[in-house]
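Novice: After the sequence you'll find the predicted model.
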Amino acid sequence: MTKRKDARVTIGLACTICTCKDADGKSKGISRYTTRKNRRNTPIRLELKKFRACCRKHTYHKELKK
């Protein structure tokens, strides 16, 4: 059986606007999502608009480097 590269890969998405702070000045962390994409159809980095619960609004999330 031969090994071949799978076209669909799991990627991580991180928030581009991570300046959300608590009342005491501590950061609440980075918003991250995971999704799957087809490498052949979308070779460029993926950027999606996702909900950020900390800010209570939709922000852009970019694909993380491997």
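Specialist: Noted; the coordinates are in hand.
Novice: ok, the residue lying closest to residue 40 once chain neighbours are set aside - how many residues close by?
Specialist: Among residues not flanking residue 40 along the chain, residue 7 sits closest, at 5.2 Å (Cβ to Cβ, 6 or more residues apart in numbering). For glycine as for every other residue, the C-beta is placed from the backbone atoms N, C-alpha and C. By other Cβ atoms under 10 Å, the residues close to residue 7 number 10.
Novice: mind checking how far residue 7 is from residue 36?
Specialist: 10 Å (Cβ to Cβ, to the nearest Å).
Novice: Dead centre of this protein: give me the residue that sits there.
Specialist: Within the chain, the residue whose C-alpha comes closest to the C-alpha centroid is residue 13; the distance, by Cα atoms, centre = their mean, is 0.8 Å.
Novice: Do you know the pLDDT at it?
Specialist: Residue 13 carries a pLDDT value of 91.
Novice: What lies in contact with the helix or strand hosting residue 10?
Specialist: Using DSSP states H and E, the element containing residue 10 is strand 8-15. For strand 8-15, the surrounding residues in contact (Cβ atoms under 8 Å, 6 or more residues apart in numbering) are 30-39, 46, 48, 50, 52, 59-64.
Novice: ok, now stretch 36-51?
Specialist: 5, 7-11, 13, 15, 31, 33, 35, 57-63.
Novice: With only the CA atoms kept, save whichever helix or strand comes after the strand holding residue 10 in CSV.
Specialist: Heading C-terminal from strand 8-15, the first helix or strand you meet, by DSSP H and E, is strand 32-38. Output of strand 32-38 as CSV, limited to C-alpha atoms (Å, rounded to 0.1, in the frame of the first residue of the first chain):
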residue,chain,number,x,y,z
ARG,A,32,-8.6,29.8,18.1
TYR,A,33,-10.7,27.7,15.8
THR,A,34,-10.0,24.5,13.8
THR,A,35,-11.4,23.7,10.4
ARG,A,36,-10.6,21.6,7.4
LYS,A,37,-9.6,22.8,3.9
ASN,A,38,-8.8,21.2,0.6
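Novice: Right, I'll call it a day here.
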